[in-house]
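1. Here is a sequence with its predicted model. Questions after.
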Amino acid sequence: AMALKGPVLAALAFEDLARREFVDLDVLVRRRDVPEARETLLAENYQLRLGVGRSQEADYLDSVGQLQFLRDDGVLVELHSSLLRREYGVRLEDESLWEGVRQVSLLGQDVPTLAADMQILFLALHGSRHIWNALKWICDLGGLLRTQPASACSDAWQRARTLRCERALLLALLLAQQIT
């Protein structure tokens, strides 16, 4: 499993958890590990927030790529099996995604997350998918670009070319440059 966005992004992009607001925890797991992660969350008193039956859950997960779990104290966990919805047409999940995992220190704990190039590409595609309707996402990318090595951006470009999503990355980089 690895952490996405939220506190990990705050640590990476701004080097301070207090400099980025987040309301949930996003966790990416391999598709085959979803049942075990689901049961772990349920055992920790999280409730699945899904308006479909158990028999439709797998279809929902395959389509949307995530399940939401809420605990009584308001903690929300989004369990992701993919980084982007299926209809986006770009699949970022392959073994290289998991081989490139890096550790980020959060409150004295090492937390696994995406490699720098994949983090950049993911933020670009995530913002593009949502038509950049949150200024925060542009600031996140700008902060990340300032704190990561230049090679991460070059590597993100190579991945974007392979996946044929260069325009989304170029737009994201332009927005980050112009606004942050």
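-> All right, it came through fine.
2. so after the one helix or strand in the chain whose mean pLDDT sits lowest, what's the next helix or strand?
-> Here the helix or strand of the chain ranked lowest by mean pLDDT, DSSP states H and E is helix 95-99, holding a mean of 80. Heading C-terminal from helix 95-99, the first helix or strand you meet, by DSSP states H and E, is strand 102-106.
3. tell me the mean pLDDT over the next helix or strand after that next one?
-> With elements assigned by DSSP H and E, the helix or strand that comes after strand 102-106 is strand 109-113. Strand 109-113 shows a mean pLDDT of 96.
4. Next SSE downstream of strand 109-113?
-> Toward the C-terminus, strand 109-113 is succeeded by helix 116-129 as the next helix or strand (DSSP H and E).
5. which secondary structure elements does that following helix contact?
-> helix 135-147, helix 150-163, helix 166-179 (3 or more C-beta pairs under 8 Å, 6 or more residues apart in numbering; DSSP states H and E). The way it works is simple: take the backbone N, C-alpha and C, and place the C-beta from them, glycine included.
6. mind running it again at 10 Å?
-> When contacts are defined as 3 or more C-beta pairs under 10 Å, 6 or more residues apart in numbering; DSSP states H and E, helix 116-129 sits against strand 2-4, helix 6-9, helix 95-99, strand 102-106, helix 135-147, helix 150-163, helix 166-179.
7. Mean pLDDT lowest where, among those?
-> Taking the mean pLDDT of those, helix 95-99 comes last: a mean of 80.
8. Name the residues that touch that helix?
-> Helix 95-99 is contacted from outside by M2, L28, R30, L83, R91, P112, L114, A115, M118, F122, R159, using C-beta atoms under 10 Å, 6 or more residues apart in numbering.
9. Kindly report the same for stretch 62-70.
-> The contact list for stretch 62-70, computed with C-beta under 10 Å, 6+ apart, reads 24-28, 31, 34, 37-38, 40-42, 44-50, 57, 60-61, 75-88, 91, 93.
10. how distant is it from the center of its chain?
-> Relative to the centre of its chain, stretch 62-70 is centred 13 Å away, using C-alpha atoms, centre = their mean, to the nearest Å.
11. go on, stretch 111-130?
-> For stretch 111-130, the distance to the chain centre is 6 Å (C-alpha atoms, centre = their mean).
12. before we move on, the earlier item: make a markdown table out of the contacts of helix 95-99 and add distance to F69 and neighbour count.
-> A markdown table is the format used below for those (distance: C-beta to C-beta, whole Å; neighbours: other C-beta atoms under 10 Å):
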| residue | distance to F69 | neighbour count |
| --- | --- | --- |
| M2 | 17 | 19 |
| L28 | 14 | 28 |
| R30 | 18 | 14 |
| L83 | 18 | 22 |
| R91 | 24 | 13 |
| P112 | 19 | 15 |
| L114 | 21 | 27 |
| A115 | 26 | 20 |
| M118 | 24 | 21 |
| F122 | 21 | 22 |
| R159 | 30 | 20 |
